[in-house]
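Asks: coords please:
(one chain, ligands or ions: 1)
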Amino acid sequence: MAQINPSILSADFARLAEEAKAVEGADWLHVDVMDNHFVPNLTLGVPIVESLRRATETPLDCHLMIEDPDRWAPQYVEAGAGSVTFHAEAAAAPVRLAREIRAKGARASMALKPATPIEPYEDLLPELDMLLIMTVEPGFGGQPFLDVMLPKIRRTRELISKHGLELWLQVDGGVSATTIERCAEAGADVFVAGSAVYGAKDPADAVRTLRSMAERSTASAPWACGH
Ligand SMILES: O=C(CO)[C@H](O)[C@H](O)COP(=O)(O)O
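Replies: Numbering: from 1, shown residues only. Coordinates of the predicted model:
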C-alpha cells in the first residue's frame, strides 16, 4: 500500500498544530529537522517534535538533516517520533545508531543524498525499516524533482527484493501529481510531499489523490503484492 507523508517544511510554522490536523488521514507527518550545518537551512528541534506529538494523532516521521545524528537521533525517539531517519553521509556508526533507534521503540531509517549511491549500503539494509532516497538536494521545499534518481530507486527496490526484506522505500523532494507515478513505478512505496500537499487548496484531498495515483501505478508490481 502506498503511504503519503506530508512534509511540514511547506506548512505555516506559526500554525503547526492546525497544519498537522489539516492532513489527518495521511499515513505519517514528515518532520524536517535541519541544523544549518548538514544543510543550509534551519527549522526545528526536539521541543517542537514533543509539541507536535501532542497536537496530532498522525505518527511522526522525523527526517534528521543534521550533523552528528548518532548523538541526537535517540532524543527524537524520546520526543515521540515513530520513525527516525538519519543521513548515511552524517552518521558515524549507522548500524549502531539504527539498532539504538529500534531498541528505543521507533522505526529506523537511513537517507541518501542524490550523489550517494545505494550499493555500499547493501549489507546494512536488514538493519533498517526504511530507506529514504532524496530526489532533491536536501534543504528546501519546492525544488524540481530530480528524475536522474529513478534508476537508483529501481536498483534499491531490486536489492530489497533480492534480500526478501520488508523495508519501506521512501522518496522525498519534488513529489507531486506529475512525478509520483514515475516514483511508484520505479519501486517507491512511501512518498513525502510538501508543496504538493500544503500548496493545495484542500491538503487532505491532495493526500488522497496522491495516494490513489501511487496505488494505481504499483497495483501490478510483484513487490507490492500483500504490501
Ligand atoms: O526534505 C525536504 C527538503 O530537504 C522536504 O521534505 C522536501 O523537499 C519536501 O518538499 P517538496 O515536496 O516541496 O519538494
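Asks: From the chain's centroid, how far away is stretch 90-110?
Replies: Taking the mean of its C-alpha atoms, stretch 90-110 sits 15 Å from the chain's own mean (Cα atoms, centre = their mean, to the nearest Å).
Asks: Count the residues that sit near the residue in the chain that the ligand sits nearest to.
Replies: Across the chain, no residue is closer to the ligand than Gly194, which sits at 2.7 Å (Cβ to the nearest ligand atom). For glycine as for every other residue, the C-beta is placed from the backbone atoms N, C-alpha and C. By other Cβ atoms under 10 Å, 25 other residues sit near Gly194.
Asks: Asp147 too?
Replies: Count around Asp147 with other Cβ under 10 Å applied: 13.
Asks: before we move on, what about the one 10 residues further on?
Replies: Taking other Cβ under 10 Å as the criterion, the count of residues near Arg157 is 19.
Asks: any idea which element it lies in?
Replies: helix 150-162 (DSSP states H and E).
Asks: who does the helix ranked longest in the chain touch, helix- and strand-wise?
Replies: Under DSSP state H, the helix in the chain containing the largest number of residues is helix 203-218. In terms of contacts (3 or more Cβ pairs under 8 Å, 6 or more residues apart in numbering; DSSP states H and E), helix 203-218 is packed against strand 3-6, helix 180-186, strand 190-193, helix 195-198.
Asks: residues from this structure in reach of the ligand?
Replies: For the chain, the residues in contact with the ligand (Cβ under 6 Å from any ligand atom) are 7, 9-10, 30, 32, 63, 136, 138-143, 172-175, 192-196.
Asks: Try it again at 8 Å.
Replies: Within reach of the ligand by Cβ under 8 Å from any ligand atom, the chain has these residues: 7, 9-10, 30, 32, 34, 39, 41, 63, 65, 134, 136-143, 145, 172-176, 192-197, 199.
Asks: OK, contacts around the closest residue to Leu146 other than its chain neighbours?
Replies: The shortest distance from Leu146 to any non-neighbouring residue, by Cβ to Cβ, 6 or more residues apart in numbering, is to Thr135 (5.3 Å). Contact analysis of Thr135 by Cβ atoms under 8 Å, 6 or more residues apart in numbering lists Pro114, Phe145, Leu146, Met149, Val171, Asp172, Gly173, Gly174, Val175, Thr179, Cys183.
Asks: Please flag which of those sit within helices.
Replies: Among the contacts of Thr135, the residues falling in helices (DSSP H) are Cys183.
Asks: So which elements touch the strand or helix carrying His63?
Replies: His63 is located in strand 60-65, with elements delineated by DSSP H and E. Counting contacts by 3+ Cβ pairs under 8 Å, 6+ apart, strand 60-65 is packed against strand 29-34, helix 46-55, helix 69-78, strand 83-87, strand 107-112.
Asks: Many thanks, have a good one.
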